[in-house]
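# Only the shape, not the letters, is given here:
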């Protein structure tokens, strides 16, 4: 079964599983992601969020990310494979998965994989900081504005602002304010959107073609 723990600085979580856990999760993620058309501006952002996570899952079961021995009793050690993921990315991911899962025929194993992801999210939030987790848990599969053509660009902006803050519980507890600030009807969002439109005009491209290139260094 999938396991998780907060990263040392609380920047995100580490998600772990054996080969079977991760390949099963990968199949579920792809089943949901395949309903989205990456060439439609209304769906591209959500597709990018799902496929970005699927890429990390695949790299993990291909032994290209983290490896560790998990001890479940005094006699047995099991090699688990894993990867790190930002809290902000993970919260958006869960909302996108749950919304799109309603339009896909899923079996019991797919549903179990989604529930285990959400379980690990909530558990690890509280493992890191119960006080901050009380508020952040309200954004698990709800309250996050994913119905925005610019959702992937918004998430990049959130990640950059999040990573620019000093790692620790104060930053962690500020996640709800950050998510709310970038909802479509907030003053901060309107200023950000206007800036993005101006940049697109300067570059002679569509705003949907913009991407942030320089992320701050991730201190996990």
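In hand now; what should we look at? Because the structure is predicted, anything quoted here is derived from the model rather than measured.

# from here on, contacts and neighbour counts on C-alpha atoms
OK.

# any idea how far residue 23 is from residue 105?
Distance of residue 105 to residue 23, computed by C-alpha to C-alpha, to the nearest Å: 19 Å.

# Tell me which of the two has more neighbours.
Using other C-alpha atoms under 10 Å, the more surrounded residue of residue 105 and residue 23 is residue 23, with 18 against 9.

# Apart from its neighbours in sequence, what residue is nearest the more buried one?
residue 61 (6.9 Å; C-alpha to C-alpha, 6 or more residues apart in numbering).

# helices or strands up against the strand ranked longest in the chain?
Here the longest strand in the chain is taken by residue count, with DSSP state E as the criterion, and it is strand 77-86. Under the contact definition 3 or more C-alpha pairs under 8 Å, 6 or more residues apart in numbering; DSSP states H and E, strand 77-86 sits against strand 12-17, helix 41-61, strand 66-71.

# Partner strands of that strand and their direction?
Strand 77-86 has the following sheet partners, assigned by DSSP bridges: strand 12-17 (antiparallel), strand 66-71 (antiparallel).

# quick one: contacts of that strand?
Here strand 77-86 makes contact (C-alpha atoms under 8 Å, 6 or more residues apart in numbering) with 7, 11-19, 56-57, 60-61, 63, 65-72.

# If any of the residues you listed are buried, give me the ChimeraX selection for them.
In ChimeraX syntax, the buried subset of these is picked out as below (16 or more other C-alpha atoms under 10 Å):
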select :7,11,12,13,14,15,16,17,18,19,56,57,60,61,66,67
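
# contacting residues around residue 71?
For residue 71, the contact set (C-alpha under 8 Å, 6+ apart) comprises 77, 78.

# For residue 148, the count of nearby residues, please.
Neighbours of residue 148 under the rule other C-alpha under 10 Å: 16.

# Now do the same contact list for it.
Residue 148 sits in contact with 42, 184, where contact means C-alpha under 8 Å, 6+ apart.
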